[in-house]
Each structure stands twice: as structure tokens, then as C-alpha cells.
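**Student:** sequence and predicted structure below; questions after.
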There are 2 protein chains.
Amino acid sequence: MQTLNTAFAALADPTRRAILARLATGEATVGELGAPFSISAPAISRHLRVLEEASLIARSRHGQQLICRLNPEGLKTAQEWLDHYRVFWSGMFDRLDAHLKQKPNPEKKP
Amino acid sequence: MQTLNTAFAALADPTRRAILARLATGEATVGELGAPFSISAPAISRHLRVLEEASLIARSRHGQQLICRLNPEGLKTAQEWLDHYRVFWSGMFDRLDAHLKQKPNPEKKP
DNA sequence: CTTGTAATTAACATATACGTTAATTAACAT
DNA sequence: ATGTTAATTAACGTATATGTTAATTACAAG
């Protein structure tokens, strides 16, 4: 599963996660995305390439600038893989919760 | 966030994801986890260490063997980060859907 | 056509990741 | 003590990741 590999690997870098967080507020140019960081333009360019290859962002040229926006596909892929485990660990917490509830509970919403 | 870095980095490797998949069916020893793979025991040992440092698994000694099991903490951390984006991309699909319906509906259901 | 701006690619340095084999620790048995 | 099994750590090779500066492509404007 190449998409999962590239998606998770892309998400492992804090700079790339920050870029995604920025894009969650709306599309932006490459220059705008790079401005908050103290790394060179080529470094940003490479981060964007990694995100694009992971299907986490998409880019389109608009005149002289490249507009970047989130691509839900990669996010969805990663999330669906993890969702398979959500059942497992939420079940674990439920069991813990049930264990703690073995005595009367003073104030808890039904 | 160190946990997010290590969790996503750990999930980027297919061998480690396979190990997690195996552990989702129940706890296992290090030897049992390594058996399906054609890589050396030290390689498996390192994968397990990476998973443990990412809080994706936990280990405990039982006599001569080390028993491994899933640790929900790391999974939860990764998933919660992605959940922040689930709203976004499910919203994107909603907007696409609304656009295709081309119905002048400025009101939203609360 | 020349110049300026946006962004990428090229070439390179260095750190980290992942695999190997050999040596070591830990628990258990004889 | 000696040996066996389970697993790790040590030492090392190589591939990939991430950053840099310099050169290049793509577009816009005079």
C-alpha cells in the first residue's frame, strides 16, 4: 500500500503537519506556505512535493503562482486505516470504564 | 509533538503496520510476531522498539518470553490529530454535494 | 527582448532509517 | 557449571530524508 506508506511518512514531519494545518484554513500559494518557516524555498518545495505524492495536497498554477489546497484523499486513506483500530481501542476504554463503574457513580450524565 | 512524530513515522512502515494488525487479533510473543517475516530477529526487535516508543504497543516479560500487545494511546493520538481534519474533508464532500444539487439553500440545519 | 518574481530542479552534505551478522543478556533446564 | 532458547544490543553498510546554495524553468510586465 504505497499510499499509506507515503501518507503516514508525510504526516510524520512537523513542518508538513503545520502546512496542512495552514491549508485547513484555506488555499495558499507556495510562498505564503513557506513564509512562517525559517527554511529555504527549495526545502518547502520538497515538503510540498512529499505532501502531493501522498495525496494530502493538490496544486494548480494560477498565473505565476502555484495555489495549494488540501486533498482529502490522502487524509481519508490514513484515517480509514486507523479507523480499523478505533473499534479496538475504544473497546479497551469501554472495558476500563465498565470496570471503574463497578460501584455507584455520583454524578454522571446518562 | 514528539508522540505524533514517532506515531506517524512508526505507521509509515508496512512491516510495523502488519505487526499491529497481528496484535489486533490478540497479544503475541516477539518470536511469534517475527515468524511471518523474512527478516532477522534484530530487525524485528528494532521495529518493536519503534512501535513501543510511539506508544503503539506495550511489552511485558513473561518468563523467558516478552509478550506484546497493542497500546491504544499512540493510536488514539494519531487518530485525534487526523480527526481534526475529518470535519474538513467530510465538509468538502458535503459542499461538493450541495454544489451539485445547485439549490439556493443558504440556511443550514443545526 | 530584457528584467523581475515564483517556484522548481541540480548538486551536494549530513542525519536518520533499516537491514545484516556477531556478541551479549536473561530465564530456564539438566 | 553447562547448555538452550528468547530477545536484545553492538557494530557496521547502505538507502532514504532533510537541509543547504546555485542554476534553471515559467510566467508577467515594461
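**Tutor:** Sure thing, it's come through. Residues are numbered from 1 along each chain as shown, chains lettered A, B, ... in the order given.

**Student:** report the secondary structure element holding the nearest residue to residue A:34 once chain neighbours are set aside.
**Tutor:** Using Cβ to Cβ, 6 or more residues apart in numbering or on different chains and skipping the chain neighbours, the partner closest in space to residue A:34 is residue A:44 (3.7 Å). Any C-beta I mention is one placed from the backbone N, CA and C, and that applies to glycine too. Assigned by DSSP states H and E, residue A:44 belongs to helix A:41-53.

**Student:** residues from chain A in reach of DNA strand D?
**Tutor:** Within reach of DNA strand D by Cβ under 7 Å from any atom of the strand, chain A has these residues: A:9, A:12-13, A:15, A:38-40, A:42-43, A:46-47, A:50, A:61, A:63-64.

**Student:** most neighbours, which of those?
**Tutor:** Neighbour counts for the residues of chain A next to DNA strand D peak at residue A:47, which has 21 neighbours (criterion: other Cβ atoms under 10 Å in any protein chain shown).

**Student:** please enumerate the strands of chain A.
**Tutor:** Here chain A has its strands, by DSSP state E, at A:28-29, A:57-62, A:65-70.

**Student:** mind putting the ones you listed in TSV, distance to residue A:90 and mean pLDDT included?
**Tutor:** Converted to TSV, these look like this (distance: least, Cβ to Cβ, whole Å; pLDDT from 0 to 100):
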stretch	distance to residue A:90	mean pLDDT
strand A:28-29	35	98
strand A:57-62	30	96
strand A:65-70	26	96
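
**Student:** export the ones you listed to CSV and tack on distance to DNA strand C?
**Tutor:** Converted to CSV, these look like this (distance: least, Cβ to the nearest atom of the strand, whole Å):
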stretch, distance to DNA strand C
strand A:28-29, 4
strand A:57-62, 6
strand A:65-70, 4
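
**Student:** can you report how many residues lie near the nearest residue to residue A:41 once chain neighbours are set aside?
**Tutor:** Nearest in space to residue A:41, with sequence neighbours left out and distances taken as Cβ to Cβ, 6+ apart, is residue A:34 at 5.9 Å. Residue A:34 is flanked by 21 other residues according to other Cβ under 10 Å.

**Student:** could you do residue A:80 as well?
**Tutor:** If we define neighbours as other Cβ under 10 Å, then residue A:80 has 11 of them.

**Student:** cool, residue A:44 as well?
**Tutor:** 19.

**Student:** so who does it touch?
**Tutor:** Taking Cβ atoms under 8 Å, 6 or more residues apart in numbering or on different chains, we find residue A:44 in contact with A:30, A:33-34, A:37.

**Student:** filter these to the buried ones?
**Tutor:** A:30, A:33-34 (16 or more other Cβ atoms under 10 Å in any protein chain shown).

**Student:** using a markdown table, please lay out the strands of chain A together with distance to residue B:79.
**Tutor:** Output for the strands of chain A, formatted as a markdown table (distance: least, Cβ to Cβ, whole Å):
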| stretch | distance to residue B:79 |
| --- | --- |
| strand A:28-29 | 26 |
| strand A:57-62 | 21 |
| strand A:65-70 | 18 |
